[in-house]
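Novice: what's the 3D shape of this:
(2 chains)
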Amino acid sequence: MTSLIAIGAAIAVFTGIGAGIGIGLATGKAAESIARQPEAEGKIRSTLLLGCALAEATAIYGFVIGLLIIILLG
Amino acid sequence: MFTIPVGKGLPIYESVVVTWIVMAVLVLLSMILVRNLKVENPGKKQLALESGYLFFRNFFYNLLGEHGARYIPYMITVILYIGLANIMGVFGFVPPTKDMGVTIALSLMSIFLIEYAGIRHKGTKGWIKAFAQPVAVMLPINILEIFIRPLSLCMRLFGNVLGSYVVMKLIEIICPILLPIPFNLYFDFFDGFIQAYVFVFLTSLFINEAVE
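Specialist: All right, here's what the predicted structure looks like:
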């Protein structure tokens, strides 16, 4: 039973893949657009941070779910 | 968990005690820093204080816009509190934002302020009408947003701080000397400030949206 709970929590942490890909794509595009238009850096940075915060939320949800699985079931 | 010896003993959570410490630091700093302020030839301390305040003020003014400018002092208070609370791990305390109760309270305050700003600016009728904007089909989604926004604000802050706390504890188990320093810089300072920034950034964006 304990190993099943551990596997469940590990599967929940797989949400990190999506957040990683998303933040990577967003940062790459931001670097590209700063290279193209350096004067718009401030606006690009705040948009990037907003996007990163929203993309990262999925990873955090996965982490919280994993934690809940361990705390409630384990 | 601490206990105050009153009657049978009053249990107090660790996050509350650390919050008191954060409050004491902030209150003392603000009392010491605003002493002897002058209009004519200000000292170095006052100039640093003024430029720091202006930095925060301009940052929030750009986000909140003209109509939301009255919420700037609250935003600065929240960013100072969360920022200081997140780096409490460096000084050997448990960061209070690791307690879900603290982040729930912060996000509830945020959502109440957002809705209050909307009601104050548009009037009750306008506020209710805004739920059916831009099209009436959006009504359930707009109502759900009232609950989703504080939930995601709360979970993001809590999850990040708890995650970095757990990672730091694991690193300290592996190697308690020297190795934690670079990770400490990343997880406590960088991540802590980024999360404080993101929290107030999102709250002010929502307020700006509510008063527009």
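Novice: Please count neighbours and contacts with C-alpha atoms only from this point.
Specialist: Fine.
Novice: for the longest helix belonging to chain A, packing partners?
Specialist: Counting by DSSP state H, the longest helix found in chain A is helix A:41-73. Judged by 3 or more Cα pairs under 8 Å, 6 or more residues apart in numbering or on different chains; DSSP states H and E, helix A:41-73 is in contact with helix A:2-12, helix A:15-36, helix B:139-174, helix B:191-211.
Novice: and if we set it to 7 Å?
Specialist: helix A:2-12, helix A:15-36, helix B:139-174 (3 or more Cα pairs under 7 Å, 6 or more residues apart in numbering or on different chains; DSSP states H and E).
Novice: For residue B:73, find the nearest of the ones you listed.
Specialist: Proximity to residue B:73 (Cα to Cα) singles out helix B:139-174 among those, at 19.8 Å.
Novice: pLDDT weak spots in chain B?
Specialist: Along chain B, segments meeting pLDDT under 70 span B:1-2, B:5-7.
Novice: For it, which segments count as helices?
Specialist: Taking DSSP H, the helices of chain B run over residues B:14-33, B:44-64, B:72-86, B:100-129, B:139-174, B:180-184, B:191-211.
Novice: Find the closest residue to chain A in chain B.
Specialist: When scored by Cα to the nearest Cα, chain B has residue B:159 as its residue closest to chain A, at 5.6 Å.
Novice: now that residue, nearest residue through space, not along the chain?
Specialist: Excluding the flanking residues, the one nearest residue B:159 by Cα to Cα, 6 or more residues apart in numbering or on different chains is residue A:60, at 5.6 Å.
Novice: From residue B:24, how far out is the one you found?
Specialist: Relative to residue B:24, residue A:60 is positioned 31 Å away (Cα to Cα, to the nearest Å).
Novice: quick one: which of those two has more around it?
Specialist: Each of residue A:60 and residue B:24 has its neighbours counted (other Cα atoms under 10 Å in any protein chain shown); residue A:60 has more, 23 against 12.
Novice: for that one, what are its contacts?
Specialist: For residue A:60, the residues meeting the contact criterion (Cα atoms under 7 Å, 6 or more residues apart in numbering or on different chains) are B:156, B:159-160.
Novice: Could you provide the helices of chain B in JSON lines, with additional columns for distance to residue A:74?
Specialist: Below are the helices of chain B laid out as JSON lines (distance: least, Cα to Cα, whole Å):
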{"stretch": "helix B:14-33", "distance to residue A:74": "24"}
{"stretch": "helix B:44-64", "distance to residue A:74": "44"}
{"stretch": "helix B:72-86", "distance to residue A:74": "29"}
{"stretch": "helix B:100-129", "distance to residue A:74": "20"}
{"stretch": "helix B:139-174", "distance to residue A:74": "18"}
{"stretch": "helix B:180-184", "distance to residue A:74": "29"}
{"stretch": "helix B:191-211", "distance to residue A:74": "29"}
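Novice: Residue A:43 is nearest to which of those?
Specialist: Using Cα to Cα, the nearest of the helices of chain B to residue A:43 is helix B:44-64, at 10.7 Å.
Novice: could you give the angle of the closest one to helix B:72-86?
Specialist: 110 degrees (axes from the mean of the first three to the mean of the last three Cα atoms, to 10 degrees).
Novice: Show me how far helix B:44-64 is from its chain's centre.
Specialist: Helix B:44-64 sits 17 Å away from the centroid of its parent chain (Cα atoms, centre = their mean, to the nearest Å).
Novice: is chain A contacted by that helix?
Specialist: No: Helix B:44-64 does not reach chain A (Cα under 7 Å from any Cα of the partner chain); its nearest approach is 9.9 Å.
Novice: Can you tell me which helices and strands that helix packs against?
Specialist: The contact analysis (3+ Cα pairs under 7 Å, 6+ apart) places helix B:44-64 against helix B:72-86, helix B:191-211.
Novice: got the ones you listed as TSV, with distance to chain A and mean neighbour count columns?
Specialist: Below are the helices and strands packed on helix B:44-64 laid out as TSV (distance: least, Cα to the nearest Cα, whole Å; neighbours: other Cα atoms under 10 Å in any protein chain shown):
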stretch	distance to chain A	mean neighbour count
helix B:72-86	16	19
helix B:191-211	7	21
